[in-house]
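Student: fold the stuff below for me.
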Amino acid sequence: GIACIPGPFGSGKTVTQQQLAKWADADIVVYIGCGERGNEMTDVLEEFPELEDPRTGKPLMERTVLIANTSNMPVAAREASIYTGITIAEYYRDMGYDVALMADSTSRWAEALREISGRLEEMPGEEGYPAYLGRRVAEFYERAGRVECLGNGKMGSVSIIGAVSPPGGDLSEPVSQNTLRVARVFWALDAKLAHRRHFPAINWLQSYSLYVDTLEQWFVDSVSANWMELRNEAMKILQKEAELQEIVQLVGPDALPESEREILEAARMIREDFLQQSAFHEIDTYTSLKKQYLMLRTIMKFHERAKEAVYLGVPFERIKEMRVKTDIARMKEVPEDQIEKRIEEIEEMMNSEFDALMRG
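Tutor: As a prediction, the model looks like this:
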C-alpha cells in the first residue's frame, strides 16, 4: 500500500513513522532519512537500537535498513537516497519478505530534483520544480505493491509511507498535490493539534483512506460486524462538532441546546479518550484492533445513553459530572489481556449511573 504523511515542522512526522516502523506487520523496515538534519539522523541511529522489536524482544535495528542522507551531503546523493531505499526494499520483497519503507522526507528529495533540473537548465514548472515532478513522484510510489516471487513462489510486498514537509504547512504546493494523486492513504498532520499536545496530530476531517471499502469485509470477519457502522457514526459526530464550533466561538457553548452540548461532549471523548495516543506510554503506545473496537463501542454507548437521558429531560450538567467518564478516559491505559473484563465493569457502572439519573 501507499500512504503519505504531510505536515509542518514539529507536527510529529518522524515519531509517527518510527511508531509505524516498530508496530507494522512487516519483516523488514527500510528507513530513508532524505535531506534530514544531522541531529535528527543521530537521534534515529541512537533510538532504533533501543527500540524493542515486539515480535522478538531484540533491538528493532536487527531487521532495519537505515539510509542516512543528511542535508549537508551533495544534492545528487539526496536524489539517489530515495531510489537506493526502494531498490533495497524490492530486493527483500523478491525474497518473499513483507517490507515497510519509511521515506522522510520526499519534499527534500523533490528539492534535490529542482536543484539538479536548474543546473541542467531545464524548463521549470510550478514553483521552480521540474515539469516531470509528478511523473517522478508517481514512479516512486507505484513501486509499492504485492507480488508473487519468481523461483520460490513466495508472496512478497512493499508498503511505502512517505512524509511530506510542505513549507508553512501549505498542502496546495506541488509536492503534496502530486503525492495525493497516487497515495491512497492521506494522514494530514495539523500544527494546531500539535500545539495543543494532541498526538498523533492527524486531522480527522482532512485525512482519508481509500482502502476502507476494500478492507470492509476483513474488518467484519476479523474485528466485528458493526465496526464500520461505529466508525461512520463517530465520524459524523466529529463532523457535527466542527459545524457547531463556529457557533460556539460566537456565543459560547452554554447558549447551545442541551442535545448539541451532548454532541460536543461525545466528540471531546472521541478525540481525547480514543484518538489521542502517547507514543511514550508503555501500554498506550500500541492498541490492537480488538481493543480499539471495545473502546469506541463504549464511548458510542455512552453517547447513546446520554442522548436518551437529555431527551427525557435530564440536565446536561449532571451527565457531564458522571464518575464513569473518568474510567472511560483511562481505558487506553488498561493492558490488552484485561481490557474485556474492564470494559464490562465500565458498561455496568455506566448503565447503573444513567438509570439512577433517569429515575431522578
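
Student: list the buried residues of stretch 33-43.
Tutor: Buried residues in stretch 33-43, counted by 16 or more other CB atoms under 10 Å: 33, 34, 35, 36, 41. Every residue, glycine included, has its C-beta placed from N, CA and C.

Student: contacts only, for the first one.
Tutor: Think residue 33. The contact partners of residue 33, taken as CB atoms under 8 Å, 6 or more residues apart in numbering, are 40, 41, 44, 66, 67, 68, 69, 70, 81, 104.

Student: check the last one too.
Tutor: With contacts defined as CB under 8 Å, 6+ apart, residue 41 is in contact with 33, 68, 70.

Student: cool, the fourth one as well?
Tutor: Residue 36 sits next to 68, 69, 70, 71, 104, 105, 108 when contact means CB under 8 Å, 6+ apart.

Student: just checking, the fifth one touches residue 31?
Tutor: Yes: Residue 104 is in contact with residue 31 according to CB atoms under 8 Å; the separation is 7.4 Å.

Student: show me what secondary structure element comes after the helix or strand of the chain with the lowest mean pLDDT.
Tutor: Least confident element among the helices and strands of the chain, by mean pLDDT, DSSP states H and E: helix 38-47 (a mean of 83). Downstream of helix 38-47, the first helix or strand assigned by DSSP states H and E is strand 64-70.

Student: report the distance from that following strand to the chain centre.
Tutor: A distance of 22 Å separates the centroid of the chain from that of strand 64-70, by CA atoms, centre = their mean, to the nearest Å.

Student: what lies in contact with the helix or strand just after that strand?
Tutor: Using DSSP H and E, the helix or strand that follows strand 64-70 towards the C-terminus is helix 75-93. Residues outside helix 75-93 that contact it (CB under 8 Å, 6+ apart) are 27-28, 30, 32-35, 65, 67, 69, 99, 101, 103, 106, 108-109, 111-113, 115-116, 140, 143, 147, 149, 156-158, 160.

Student: the chain: helices as residue ranges?
Tutor: Applying DSSP state H to the chain gives helices spanning 13-23, 38-47, 75-93, 106-119, 133-141, 174-182, 191-195, 212-222, 227-251, 258-269, 289-311, 316-320, 324-329, 339-359.

Student: ok, of the contacts of helix 75-93, which come out buried?
Tutor: 27-28, 30, 32-35, 65, 67, 69, 99, 101, 103, 106, 108-109, 111-113, 115, 140, 143, 156-158, 160.

Student: thinking again about what came up before, distance between the least confident helix or strand of the chain and the chain's centre?
Tutor: Centroid separation for helix 38-47 versus its chain: 22 Å, with CA atoms, centre = their mean.

Student: ok, now stretch 285-294?
Tutor: That offset, for stretch 285-294, works out to 14 Å (CA atoms, centre = their mean).

Student: so what touches stretch 170-184?
Tutor: With contacts defined as CB under 8 Å, 6+ apart, stretch 170-184 is touched by 1-4, 6, 106-107, 110, 125-127, 129, 133-134, 137-138, 141-142, 162, 164, 166-167, 186, 188, 209-211.

Student: pull out the buried members of those.
Tutor: 1-4, 6, 106-107, 110, 129, 133-134, 137, 141, 162, 164, 166, 186, 188.

Student: mind listing what residue 45 touches?
Tutor: The neighbours of residue 45, taking CB under 8 Å, 6+ apart as the test, are 66, 68.

Student: mind running it again at 10 Å?
Tutor: The contact partners of residue 45, by CB atoms under 10 Å, 6 or more residues apart in numbering, come to 33, 61, 66, 68.

Student: how about the nearest residue to the third one, chain neighbours excluded?
Tutor: Nearest residue to residue 66, sequence neighbours excluded (CB to CB, 6 or more residues apart in numbering): residue 31, at 5.1 Å.

Student: and that neighbour, bridged to which residues?
Tutor: Beta-bridge pairing for residue 31 (DSSP bridges): residue 66, residue 102.

Student: count of residues packed around it?
Tutor: Look at residue 31: counted by other CB atoms under 10 Å, it has 24 neighbours.

Student: now do the contacts for it.
Tutor: Counting by CB under 10 Å, 6+ apart, residue 31 makes contact with 14, 17-18, 21, 41, 44, 48, 60-61, 64-68, 85, 100-104.

Student: please redo it, this time with the cut-off set to 8 Å
Tutor: Contact analysis of residue 31 by CB under 8 Å, 6+ apart lists 17, 21, 44, 48, 64, 65, 66, 67, 102, 104.

Student: could you dump those to JSON lines with distance to residue 337?
Tutor: Conversion of those to JSON lines gives the following (distance: CB to CB, whole Å):
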{"residue": "17", "distance to residue 337": "28"}
{"residue": "21", "distance to residue 337": "25"}
{"residue": "44", "distance to residue 337": "32"}
{"residue": "48", "distance to residue 337": "28"}
{"residue": "64", "distance to residue 337": "28"}
{"residue": "65", "distance to residue 337": "33"}
{"residue": "66", "distance to residue 337": "33"}
{"residue": "67", "distance to residue 337": "38"}
{"residue": "102", "distance to residue 337": "30"}
{"residue": "104", "distance to residue 337": "34"}
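
Student: if we can go back for a sec, give me the common contacts of residue 104 and residue 31.
Tutor: Contact with both residue 104 and residue 31 is made by residues residue 17, according to CB under 8 Å, 6+ apart.

Student: before we move on, the earlier item: out of the buried residues of stretch 33-43, flag the one nearest to residue 10.
Tutor: Distance to residue 10, by CB to CB, is smallest for residue 36 among the buried residues of stretch 33-43, at 14.3 Å.

Student: show me the contacts for the residue lying closest to residue 315 once chain neighbours are set aside.
Tutor: Leaving aside its sequence neighbours, residue 315 sits nearest to residue 258 (CB to CB, 6+ apart; 7.4 Å). Contact partners of residue 258, counting by CB under 8 Å, 6+ apart, are 310, 315, 316.
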